[in-house]
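Enquirer: from the sequence below, what's the structure:
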Amino acid sequence: MKINAMLLVFCTFMAACSAEETSLHDLTEDFHAWLLKPNTELTHFNYKDGVFKAKKTITSGGEIHYKKTGNNCIAYAPHRYFDKHTLKIAKAVFAECQVLLTNSKHRNTLDQSNNKLDFGKYKVSSANAFILAYAKTVESFSIYQVHGFAKEKRKTLQGRNADIIVSNGSKTPSKATVKISECLNNQVGSNVMLFGSDVFELGGTKNILTDMAPVNSQFFHIELSRQMRERLITNSQLLKQFSQCLIS
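Expert: As a prediction, this is how the structure comes out:
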C-alpha cells in the first residue's frame, strides 16, 4: 500500500510538472504562430491595435505591445504596480524596440499553488512565452528589464548611494553591460553603478531570465532608484538619453 501511495504521489507530481511545461510550450507556440502569420487567432489573448491582453484563462495575466518596426529588442517592466514609473520608462525604451512586456496583475498576487505572480521569478508567464516565441523569429535581440528600488532599504553603502545599478544577471558584467553603464554615466549622470564591480546587490542573479533567456538574446537588468525614476519621467530629454544608452 505504501509503495502504491508513493507511486501515486510521484505520478501526480510528474503530471503537474508536465502540465506546467506543456502550458508554457503551448502558449509559446501560440505566439510564434501569430508572429509568423499575424491574422492567426490566439487562444488565450485578445489582440487590438498592437496590444495583446491576457484572457482569464492565463493565470499569470500579462500585457504585450508589439510593432513591426524598431530594433530587435524587448523593453520590459515586470512590476508596473510595485515599482512606480517603471512602465512609463519602459515605454520610452519601447519607442526604440519592437516589443514591450509588462504584468497586468500585482506581483504579490498568488496562483492556485500559492506562488506569487512575480514576473521576475514566475516561470509559466505570458512574458516568458512571448520572449521564447520572439527568439524564433529574429537572429538576435536584447531584453531590457526595468526595476525600481528604494535607497533606504539597501544593505550596503554602495547600494544606498546608487541611482542606477546595471547588470546582466551575472556576477561578471559583460562588455555590453559595461558599455551601457559607461554611457549612462556620461549621458544621464548621477551615480551609475555596475553590478559585480561597483556594487554587489540588486544584480538580478535570481531573475528567471538568467536561466530562461534564449541563447540568441542578451539580458540586461536595470535598477533605478525612486529619485532617478522621478527625474526620468519629468525630463523627456533625459529619458530619451537613458533609452538611447540602452539601445546603442
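Enquirer: and for stretch 25-41, what's in contact with it?
Expert: Residues from elsewhere that reach stretch 25-41, judged by C-beta atoms under 8 Å, 6 or more residues apart in numbering: 42-45, 47, 58, 124, 126, 129-130, 132-134, 136-137. Backbone N, C-alpha and C define where each C-beta goes, glycine included.
Enquirer: hmm, 7 Å instead?
Expert: For stretch 25-41, the surrounding residues in contact (C-beta atoms under 7 Å, 6 or more residues apart in numbering) are 42-44, 126, 129-130, 132-134, 136-137.
Enquirer: quick one: mean pLDDT for that stretch?
Expert: Regarding stretch 25-41, the rounded mean pLDDT is 93.
Enquirer: in it, what counts as buried?
Expert: 27-28, 30-32, 34-35 (16 or more other C-beta atoms under 10 Å).
Enquirer: chain center to stretch 116-134: distance?
Expert: Relative to the mean C-alpha coordinate of its chain, stretch 116-134 is positioned 8 Å out (C-alpha atoms, centre = their mean, to the nearest Å).
Enquirer: what mean pLDDT would you report for it?
Expert: Mean predicted lDDT for stretch 116-134 stands at 97.
Enquirer: secondary structure added to the buried residues of stretch 25-41, as JSON lines?
Expert: Formatted as JSON lines, the buried residues of stretch 25-41 follow (DSSP: H, G, I helix; E, B strand; the rest coil):
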{"residue": "Leu27", "secondary structure": "helix"}
{"residue": "Thr28", "secondary structure": "helix"}
{"residue": "Asp30", "secondary structure": "helix"}
{"residue": "Phe31", "secondary structure": "helix"}
{"residue": "His32", "secondary structure": "helix"}
{"residue": "Trp34", "secondary structure": "helix"}
{"residue": "Leu35", "secondary structure": "helix"}
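Enquirer: tell me the one of those nearest Thr210?
Expert: Of all the buried residues of stretch 25-41, Thr210 sits closest to Thr28, with 18.6 Å by C-beta to C-beta.
Enquirer: how much space between the closest one and Thr102?
Expert: 18 Å (C-beta to C-beta, to the nearest Å).
Enquirer: returning to that earlier point: who wins on neighbours among the contacts of stretch 25-41?
Expert: Each of the contacts of stretch 25-41 was scored by neighbours using other C-beta atoms under 10 Å; the highest score is Ser126's, at 29 neighbours.
Enquirer: all helices for the chain, in order.
Expert: 2-36, 86-94, 126-135, 157-161, 175-187, 209-212, 226-233, 236-247 (DSSP state H).
Enquirer: please identify the most buried of these.
Expert: Across those, averaging neighbours per residue (mean count of other C-beta atoms under 10 Å) puts helix 126-135 on top, at a mean of 24.
Enquirer: any stretches of this protein with poor pLDDT?
Expert: For the chain, the stretches flagged by pLDDT under 70 are 1-22.
Enquirer: what's near enough to touch the nearest residue to Asp83 once chain neighbours are set aside?
Expert: With C-beta to C-beta, 6 or more residues apart in numbering as the criterion, Asp83 has its nearest non-adjacent residue at 3.2 Å, and that residue is Gly148. Residues counted as contacts of Gly148 (C-beta under 7 Å, 6+ apart) are 83-84, 86, 224, 226, 229.
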